[in-house]
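[1] give me the fold of what follows.
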Amino acid sequence: MKRFTTRLDGGGRRDGPLRIVHVEPADPVHERLSAELREAFENAEVRRELDVDGVLDAVGTSAPVCVVSAYDLPNGDALDVLDSLRTRTDGVPFVLFTDTDATTIARRALSSAVTDYVPKDGEGDPFAAVVERVESLVSDGSDPPIARSEDRYRQFVETVRSPMGLLDEAGEWRFLNEAAVAFLGADDSEQLLGEHGLDFVAPHDRDRTMRRFQRVLQQGRPSGTQEVDVLTVDGEQRHTLLTATPVTYDGETLAQVLLYDITNQKRLERELRQQCERHAALFEDLGEPAVETRLQDDAVIVERVNTAFEEVFGFSEAAIEGEPLDPHIVPEHDRETAEKLSERSRQGECIEAQAIRETANGERDFLVRVVPFTVADEHHAYAIYVDVSEHQQRQRRLERQNERLDEFASVVSHDLRNPLLVAQGNLEHVGGHADACERIGRSLDRMEQLIDDVLQLAREGDVEDPQPVSLSVAANRGWPAAAERGTLTVEDDCVVEADPSALGQLLNNLFRNSLEHGSASEEHDPTGPHVRVGTHDDGIFVADDGSGIPESERDQVFEAGHSNVADNTGLGLRIVERIAAAHGWAVHVTESRDGGARFEFSGVECGDR
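    The predicted structure is shown next:
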């Protein structure tokens with residue numbers, strides 16, 4: 001540290017020792033400057049004061065030679081100190097040492113005649129800079145010079161990060177700091193000095209800007225903040241906040257202009273506004289009741305609702321906004337479930353759950369989707385209500401129907417099959433009347449087949465265990481083992497995603513249908529019919545060379561009980577359609593290449609073996 005020795009007690013011009021007052025709020029970091037000053041000025045009295053009152057008390061004893069002060073003080077600011085000093089003693093050098101943006105103090109500092117300014121966040125060591133400034137002011141013991149207004153202004157505003165400049169009464173630039181030069185897109189200030197300031201304001205903003213500028217100079221009062229579009233040297237338009245303040249510069253009243261670029265802010269505001277508009281439109285046009293809520297003291301509070309919510313639940317947004325949601329739409333018996341959903345939402349979990357809610361027309365079943373989000377540490381959520389009451393009613397009807405089918409299947413399986421077995425067993429012991437016994441046997445066989453088909457029809461419809469199944473393996477397993485005639489050919493093999501048992505039953509029913517209807521050429525070819533299994537562009541097919549199905553009857557063949565063959569139950573193809581539908585396949589009938597029937601299944605995913 002460089003040490004300065006002043007000669008103020010022998011032949012110097014000042015009476016008494018050198019006194020430096022350092023004004024700074026209590027802080028260990030600020031103690032360093034006092035220590036630096038004491039070390040630099042060995043024979044000086046360095047007095048530390050914490051606030052405005054302390055400085056004024058110090059001045060009351062004997063005037064200091066130099067004051068170094070922060071700007072913000074507990075009971076005022078540095079310029080309050082300076083104003084008070086000027087009423088008691090003239091010529092005391094005053095150094096402002098602060099990190100406060102100079103835009104907030106420049107005008108007052110100029111009028112109060114601050115001697116020097118050292119920014120705390122400037123380049124280099126700011127403490128050393130203060131010591132150097134104090135030395136330059138007091139080392140020769142002479143009265144310190146008061147810096148010219150222009151010099152002080154330049155010193156202040158060049159430290160400002162925001163664009164600043166001065167306009168004279170003619171509206172021409174008299175001074176611009178580096179930030180202003182860069183903002184207006186010029187190479188240097190010389191390119192702008194003497195140019196009319198309004199030339200850099202967009203035409204649609206010039207008249208009102210001129211009026212504000214004139215009021216500043218004529219009335220001597222700040223203009224307040226104005227939003228204008230500023231044009232750069234290259235014609236680029238920038239959204240800007242502009243403030244004009246009267247200042248004295250070299251004895252002349254000028255308008256100090258502070259510019260703040262808000263182009264990015266306006267762009268973000270525009271994007272945010274567009275996003276909010278899209279969001280509001282989406283919220284309103286959902287088609288389902290929706291509500292935005294926030295969590296307050298464990299209560300779910302309504303922020304807004306859409307029109308669908310108002311119509312379904314019977315509450316207008318004005319009536320329910322700011323109110324707890326649950327008491328309005330949650331039935332008493334479902335409150336516990338609603339509280340659990342709220343707790344899961346509070347934990348940030350997206351929820352999809354079934355719940356009962358009270359609507360304007362009574363209780364309804366809903367699928368509730370809740371999406372939580374956070375705004376300023378507050379828990380918010382969107383809740384959408386999808387009415388599934390009809391679906392639930394259908395589901396309950398289906399469950400009751402399945403229960404009845406199970407009961408029916410049990411009756412068929414036990415109460416009918418057992419007497420049938422007894423009748424078949426006793427028929428074997430009946431002698432004579434061979435024709436009658438044969439007819440009775442056929443009837444009993446048909447009854448047994450009818451029981452089997454009815455049980456299948458009652459139980460088919462669910463795909464229990466879909467897995468990759470070879471079409472050729474399923475076809476060979478499905479071919480009736482007791483078939484005394486007919487041939488099976490698998491033309492194209494593939495792997496089908498299906499329930500193996502259900503696919504086997506589907507193929508078996510189709511094969512039995514072909515065998516029962518016979519072959520058109522059976523008289524000449526007793527080995528017929530010939531059945532083919534293969535693939536097409538969208539699935540699989542089963543075809544035969546039988547008599548075919550008339551086009552007028554093709555839409556009826558899947559109806560229960562439809563058959564043109566004696567002793568046929570008419571349920572086999574109905575079961576085929578049910579199994580296909582359970583897999584998500586469609587089936588339709590057409591004519592095979594041999595003139596027989598061809599059953600095509602579409603929507604079947606076929607993979608290579």
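[2] got the end-to-end distance for stretch 81-94?
    Distance between the two ends of stretch 81-94: 10 Å, counting by C-alpha to C-alpha, to the nearest Å.
[3] stretch 310-323 now?
    14 Å.
[4] determine the three-state secondary structure at Val257.
    Each residue gets one of three states, and Val257 gets strand by DSSP: H, G, I helix; E, B strand; the rest coil.
[5] to clarify, my last question referred to Gly235.
    Under three-state DSSP, Gly235 comes out as coil.
[6] next one: Leu217
    helix.
[7] who touches it in this structure?
    For Leu217, the contact set (C-beta atoms under 8 Å, 6 or more residues apart in numbering) comprises Glu169, Pro246, Thr253, Leu254, Ala255. Yep, even glycine has a C-beta here, placed from its N, CA and C like the rest.
[8] can I have the buried ones of those as a PyMOL selection?
    To isolate the buried ones among those in PyMOL, judged by 16 or more other C-beta atoms under 10 Å, type:
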select buried, resi 246+254+255
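[9] just the ones of the contacts of Leu217 in strands?
    Pro246, Thr253, Leu254, Ala255 (DSSP state E).
[10] re earlier: which one of the contacts of Leu217 is nearest Gly76?
    Closest to Gly76 out of the contacts of Leu217 is Pro246 (23.5 Å), distances taken as C-beta to C-beta.
[11] quick check: the closest one touching Gln218?
    No - using C-beta atoms under 8 Å, Pro246 is not in contact with Gln218, being 9.5 Å away.
[12] where does the stretch 451-600 of the chain have low pLDDT?
    451-464, 482, 518-525, 560-571 (pLDDT under 70).
[13] pick out the most distant pair among the ones in strands among the contacts of Leu217.
    Farthest pair in these, by C-beta to C-beta: Thr253 and Ala255, 8.2 Å.
[14] list residues touching both of those two?
    Leu217, Pro246, Val247.
[15] ok, the last one - how many residues close by?
    By that I understand Val247. Look at Val247: counted by other C-beta atoms under 10 Å, it has 18 neighbours.
[16] okay, and the beta partners of it?
    Leu254 (DSSP bridges).
[17] what's the answer for Thr535, then?
    Under the criterion used here (DSSP bridges), Thr535 is bridged to Ile540.
[18] ok, so what distance separates it from Val542?
    Going from Thr535 to Val542 by C-beta to C-beta, to the nearest Å gives 11 Å.
[19] more neighbours: which of those two?
    Per other C-beta under 10 Å, whichever of Thr535 and Val542 has more neighbours is Val542, with 26 against 18.
[20] what about that one, which SS state?
    Applying three-state DSSP: Val542 is strand.
[21] next up, the contacts around it.
    Leu507, Leu510, Phe511, Ser514, Val531, Arg532, Val533, Arg598, Phe599.
[22] helix, strand, or coil at the second one?
    Read that as Leu510. helix.
[23] show me what the closest residue to Tyr71 other than its chain neighbours bridges to in the sheet.
    Counting by C-beta to C-beta, 6 or more residues apart in numbering, Thr98 is the residue found nearest to Tyr71 once chain neighbours are left out, at 3.8 Å. On the basis of DSSP bridges, Thr98 is bridged to Pro119.
[24] count of residues packed around Thr98?
    20.
[25] next one: it from Leu82, what distance?
    Taking C-beta to C-beta, one finds Thr98 at 13 Å from Leu82.
[26] equivalent analysis for Glu284, please.
    For Glu284 relative to Leu82 (C-beta to C-beta), the value is 60 Å.
[27] among the two, which residue is more densely surrounded?
    Leu82 (21 against 14).
[28] and the helix or strand harbouring Val21, what does it pack onto?
    Using DSSP states H and E, Val21 maps to strand 19-23. For strand 19-23, the packing partners by 3 or more C-beta pairs under 8 Å, 6 or more residues apart in numbering; DSSP states H and E come out as helix 31-40, strand 45-49, helix 52-61, strand 66-69.
[29] can you give me the buried ones in the first one?
    Along helix 31-40, the positions that meet the burial threshold by neighbour count (16+ other C-beta under 10 Å) are Leu33, Ser34, Glu36, Leu37, Ala40.
[30] which strand or helix spans the nearest residue to the first one once chain neighbours are set aside?
    Of all residues beyond its chain neighbours, the one nearest Leu33 is Phe127 (5.5 Å), with distances taken as C-beta to C-beta, 6+ apart. For Phe127, the enclosing helix or strand under DSSP H and E is helix 126-138.
[31] buried residues, that helix. List them.
    Pro126, Phe127, Ala129, Val130, Val131, Arg133, Val134, Glu135, Leu137, Val138.
[32] cool, stretch 296-310 as well?
    Val300, Ile301, Val302, Glu303, Val305, Asn306, Thr307, Ala308, Phe309, Glu310.
[33] same question, stretch 239-249
    Neighbour-count burial for stretch 239-249 [16+ other C-beta under 10 Å]: His239, Thr240, Leu241, Leu242, Thr243, Ala244, Thr245, Pro246, Val247, Tyr249.
[34] double-check that Phe283 belongs to a helix.
    Yes - judged by three-state DSSP, Phe283 forms part of a helix.
[35] would you mind measuring from it to Glu292?
    7 Å.
[36] what of Leu37?
    For Leu37 relative to Glu292 (C-beta to C-beta), the value is 60 Å.
[37] dump the residue contacts of the residue most central in space within the chain.
    Residue closest to the average C-alpha location in the chain (C-alpha atoms, centre = their mean): Phe373, at 8.3 Å. If you count contacts by C-beta under 8 Å, 6+ apart, Phe373 has them with His380, Ala381, Tyr382.
[38] which of those ranks first by neighbour count?
    Ala381 (23 neighbours).
[39] residues contacting that one?
    Counting by C-beta under 8 Å, 6+ apart, Ala381 has contacts Glu292, Thr293, Arg294, Leu295, Val300, Ser345, Val370, Val371, Pro372, Phe373.
[40] how about the strands in the stretch 401-550 of the chain?
    With DSSP state E, counting those that start in this stretch, the ranges of strands along the stretch 401-550 of the chain come out as 467-470, 487-490, 495-498, 530-536, 539-544.
[41] what helix or strand is the residue lying closest to Val375 once chain neighbours are set aside on?
    Once flanking residues are discounted, Val375 sits nearest to Arg294: 8.0 Å by C-beta to C-beta, 6+ apart. For Arg294, the host element (DSSP H and E) is strand 290-296.
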